[in-house]
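1. Fold the stuff below for me.
(chains A and B)
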Amino acid sequence: MYGFEALSFNIHGGYLEAIVRGHRSGLLTTADYNNLCQCETLDDIKMHLSATEYGPYLQNEPSPLHTTTIVEKCTLKLVDDYKHMLCQATEPLSTFLEYITYGHMIDNVVLIVTGTLHERDVQELLEKCHPLGMFDSIATLAVAQNMRELYRLVLVDTPLAPYFSECITSEDLDDMNIEIMRNTLYKAYLEDFYRFCQKLGGATAEIMSDLLAFEADRRAVNITINSIGTELTRDDRRKLYSNFGLFYPYGHEELAVCEDIDQVRAVMEKYPPYQSIFAKLSYGESQMLDKAFYEEEVKRHCLAFEQQFHYAVFFAYMRLREQEIRNLMWISECVAQNQKSRVHDSVVFIF
Amino acid sequence: MDHFTDKLPQMDLMRSEKMTFVQLIIPAESAHCCITYLGQLGLLQFRDLNSEKSPFQRTFVNQVKRCAEMSRKLRFLMDQINKAGIKSSLSVLQSDTHLEDIETQLSEHEHEIIEMNSNSEKLQQSYNELLEFKIVLQKACGFLVSSHGQIVSEERELEENAYSNGDFVETPFLFEQEIVPGPSKSNQSGLRFISGIICKSKVLRFERMLFRATRGNMLFNQAPTDEQIMDPISAEMVEKTVFVVFFSGEQARRKILKICEAFGANCYPVPEDISKQTQITQEVSSRLSDLEATLDAGIRHRNKALSSVGGHLAKWMDMVRREKAVYDTLNMLNFDVTKKCLVAEGWCPIFATTQIQDALQRATFDSNSQVGVIFHSLDALESPPTYFRTNNFTNPYQEIVDAYGVARYQEANPAVYTTIIFPFLFAVMFGDWGHGICLLLGALVLIAHERKLSNQRLGSFMEMLFGGRYVILLMSLFSMYCGLIYNEFFSVPFHIFGASAYKCRDMSCRDAHTTGLVKYREPYPFGVDPSWRGSRSELPFLNSLKMKMSILFGVVHMNLGIMLSYFNARFFGSSLDIRYQFVPQMIFLNSLFGYLSLLIVVKWCTGSQADLYHIMIYMFLSPFDMLGENELFWGQRPLQILLLLLALIAVPWMLFPKPFILKKLHNERFEGRNYGVLNTSEIDLEVEPDSARAMQHHDDFNFSEVFVHQMIHSIEFVLGSVSNTASYLRLWALSLAHSELSTVFYEKVLLLAWGYDNLLIRLVGLVVFAFATAFILLMMETLSAFLHALRLHWVEFQNKFYHGDGYKFRPFSFATLADDEN
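-> This is a model prediction of the structure:
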């Protein structure tokens, strides 16, 4: 029913859309970032944040602050927002909101599995997990020895189970396998999310397919760059790309055979939407690529708020908030380590 | 007229207080003292002179941080006291303590409490662990004893089951079988167990996970604990379940232990030997009682420490809050060039200047400063804030007006009239003296407990009722008055003012509904005749009365609004508005609706049968026709023609002249002051870039904008005078609805139930009637009448004169701090 969702959207989604737009207006502005960048100590940052939506979360922290505390409390705010929205949501919005967390779930699984591989303490690892990607039996991941056990013991109960169909092997877990597992899972997750959004139809499908396509393409580029010079074969690399997005299918063929960063760049520049990303970078430079991608992503997420009556605003808000927390973490780290000259290296302004 | 109005006594609420823009130059050493005294006085609104600086770049940021830190500690202590459930004894009166003292005391106390907490936490944790151990011992022994003999056979059975469902048995399973010595092969000593305790909510998943991890080679026994116990790690009360897992093999043990860890299950070793068990149980019990005694002593000690703090806490909180407010205010001040003085700017009412100077002098004296504070007023271009001095009674009415918009500085304040007109219009819609008495009782209860309730924290709904108690009081008094006029008491008429003027045509009174009544004596002296209730003429009469009354009230109310626009124009000295706005508006409204009101009054006085609709409609359609039987008085037709002409003239009168005259005036003024002015304004800019005077007054004149604006206003007024008059008919409609509703409840519920000679039915009828009256008539109807009265004020009355684009005076005051905090 394209075009008519506006008629009935507010029955179920109106309240939450209002909430999420309210949250969005609470995001830090450029003026806030400018002030934050001038801070001398972490206490200054706390003081500045106390005037924002993070205020109540930070006000009871005793004075010698750490970067981790700030990030933790800010994440807590995001989690509280998310939980509040999830409680209020009805189908299909609640499923949509749950989809947003699967990415964190995959990251958490990988984190725990890698951690146990390197003999780290499970509790310590659990603290590092993103709270949005937590599930009940996450700690049990440490028990598993190989992929098959991982699936059979733990993941079969989680929403990630269907994504596992492609990576059940009896191979032992090692760094390479885990990384491949992460990307396979992510591929399956993105494709599933994409299908789900297409099923929802309307403006949600339109905007989300754009956002997810960008996400898929970014992952494809990252996989390519990271796998250059490793033992990953071209076919294996090709298998990790999600089967949608602007690069699909011809771009993937070309990316699969890339041997250095400039070839990747050549591939990407054939696609007009990605030309601007490289415009600021000089040849052979890949460090700044992440920031360029983040900037592009933030721009797209902000644009999602320009339309009404669709679910992509929730996705966009969560991502923007995460970006904001990343920014805060970077700023706090720079301030804590007296590297203020590098503050602007990695901060992505949202507005 | 001018002569008369000038001699009227000053109405306090009519115009907001005269404000003045002041500048204070305070020596740095007495700044803190000055601001504190000004905060106590609460009559000066500071301007933020550092608005471009972020909070941590300001001068007193460290002090603000210290205060924030202290209030965090205070919150922590408060939290601890609440957790410990200590009722703080009456606050100890103490001589003035210094902030520094409080700070040191606070950090001492916090340190002490945190240390005690961590000690008792450790103790508590070991206590809880022991408690869990004890429970595990008790429960697990049961399993061990009962199943000691059967375990092996059970285990075998389990194995057999597993084998018989051979479909899912895969190769790895068999593979593993070879490595791990299977339980069936092992003797009794190969069978091992792990016992522990786990949250009840996790048991099911725990068991499933164990089953999967060991591929079914285990036996899971569980028993719920009888009561909630405290978890040693999270320190929350949870329901827990004791479990015993039987298994065999070292690998399985490792897996199970890992799973236990993952699920937060606490494992405790239970010896198999019964004698050892009893020994350990005894040991655990004795240690538990030891720990309990220690814990109790610790808690007593802590509570004593907390209650000693508790007495000061409220006072300290207040002090810290004040200090923080003072430093926040100091942060709004500018440093002088010499860094020895602070410069403050702000607004204060003119009547308060002496008080402020007094306070400043005291501050200079108390802080032993050599130099006094310089206090002088400046002129500002920015419009001053609006400040009305209200009391308990006038405050809610002012709030009603402010909810629409805060008055422009010194603009006529509608709240003066709202005080009476608002409750009265409400009462016109809510006229029933029975319901009025109920409301009155409610309002009197609120007013009688005023002192008690004002100190309490009420719910948002009660707070609203309490805030509007004087509004409710007047509303109830007026609705009793209107109810007496309508002669309604829960919709029952009463013969209060003598006998009715009407009687039935015959003894049985059967035809009262059909043919009506006969008048036989002087009219009923006050209000509506009680005999009309239920008679044929009841509705037509009441409708006609209420409808015409509404029109009269409406026209008077709107005229008052336009009159106020005259007073505004005169006050601000704008003769343009009087000539080209007030006069044509007055003429337009009164030549149409004023005339209608006149007709209504004439018709009432003469008892004429004329049709007023007809007159009004044909006054427009064919003004030259003869009126015929509808003529109410001599000379009506020429008068109508004259009025119509006046109304027609009034429309262009209010539309065209004003913008053109404004344009002309602007051009003249612009030509008149070509040079001189620019220079002075630039000097001003340079001298004090931060002050309010720097706000450049841009005098752009855009003719088309002004004209469109005027056009909109005129059209709005012309159309509005029709629709607003019609809008006042809501007075009639709601009053009718109210009386009909109460009639329905009275006749169809109470009287119907009373008709039965059954106590139960009567009781039910009474209850239904009481609830309907309370909830529908007293609450819903009150609310709807309130809202309609509100609308009549905001839209119909205030749009005639009220700009409402001012901003409130917010003085720096300690008294309002507590409210802001919560």
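
2. separation between the residue of the stretch 201-350 of chain A found nearest chain B and residue B:72?
-> Nearest to chain B, among the residues of the stretch 201-350 of chain A, is residue A:335, at 11.7 Å (Cβ to the nearest Cβ). Bear in mind the C-beta positions are built from the backbone N, C-alpha and C, glycine included. Distance of residue A:335 to residue B:72, given as Cβ to Cβ, to the nearest Å: 21 Å.

3. what's near enough to touch residue A:324?
-> Residue A:324 makes contacts with A:27, A:28, A:74, A:350, as judged by Cβ atoms under 8 Å, 6 or more residues apart in numbering or on different chains.

4. Need the pLDDT of residue B:732.
-> pLDDT for residue B:732: 95.

5. Which residue is the nearest non-sequential neighbour of it?
-> residue B:546 (4.1 Å; Cβ to Cβ, 6 or more residues apart in numbering or on different chains).

6. packing partners for the helix or strand hosting that neighbour?
-> Secondary structure from DSSP states H and E places residue B:546 in helix B:538-571. Helix B:538-571 is packed against helix B:2-6, helix B:415-429, helix B:575-577, helix B:583-589, helix B:595-606, helix B:703-727, helix B:730-744, with contacts defined by 3 or more Cβ pairs under 8 Å, 6 or more residues apart in numbering or on different chains; DSSP states H and E.

7. list the buried ones in it?
-> For helix B:538-571, a neighbour-count test (16 or more other Cβ atoms under 10 Å in any protein chain shown) marks B:538, B:542, B:544-555, B:557-559, B:561-562, B:564-570 as buried.

8. contacting residues around the residue of chain A found nearest chain B?
-> In chain A, the residue that lies nearest chain B is residue A:139 (3.2 Å; Cβ to the nearest Cβ). Residues near residue A:139 by Cβ under 8 Å, 6+ apart: A:112, A:122, A:126, B:261, B:262, B:263, B:264.

9. again, only this time at 6 Å
-> A:122, B:262 (Cβ atoms under 6 Å, 6 or more residues apart in numbering or on different chains).

10. For the stretch 201-350 of chain A, which residues score under the pLDDT cut-off?
-> Within the stretch 201-350 of chain A, the ranges that satisfy pLDDT under 70 run A:282-287.

11. got the residue ranges for the helices in it?
-> Here the stretch 201-350 of chain A has its helices, by DSSP state H, counting those that start in this stretch, at A:202-227, A:234-240, A:250-256, A:261-268, A:272-279, A:289-304, A:312-336, A:343-346.

12. re earlier: quick one: the helices and strands packed on helix B:538-571 as CSV, columns for mean neighbour count too.
-> Shown next, in CSV, are these (neighbours: other Cβ atoms under 10 Å in any protein chain shown):
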stretch, mean neighbour count
helix B:2-6, 8
helix B:415-429, 23
helix B:575-577, 14
helix B:583-589, 21
helix B:595-606, 16
helix B:703-727, 15
helix B:730-744, 19
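
13. Would you single out the least confident of the ones you listed?
-> helix B:2-6 (a mean of 59).

14. what packs against the following helix or strand past that helix?
-> Using DSSP H and E, the next helix or strand after helix B:2-6 towards the C-terminus is strand B:19-27. With contacts taken as 3 or more Cβ pairs under 6 Å, 6 or more residues apart in numbering or on different chains; DSSP states H and E, strand B:19-27 sits against strand B:341-349, strand B:374-378.

15. Domains in chain A, by residue range?
-> A:10-80+A:311-350, A:89-200 (the TED database).

16. For residue B:233, which of those domains is the nearest?
-> domain A:89-200 (10.3 Å; Cβ to Cβ).

17. now the closest one: how far from the chain's centre is it?
-> Computed by Cα atoms, centre = their mean, to the nearest Å, the chain-centroid distance of domain A:89-200 equals 14 Å.

18. quick revisit: who wins for neighbours among the contacts of residue A:324?
-> Within the contacts of residue A:324, neighbour counts (other Cβ atoms under 10 Å in any protein chain shown) peak at residue A:74, which reaches 23 neighbours.
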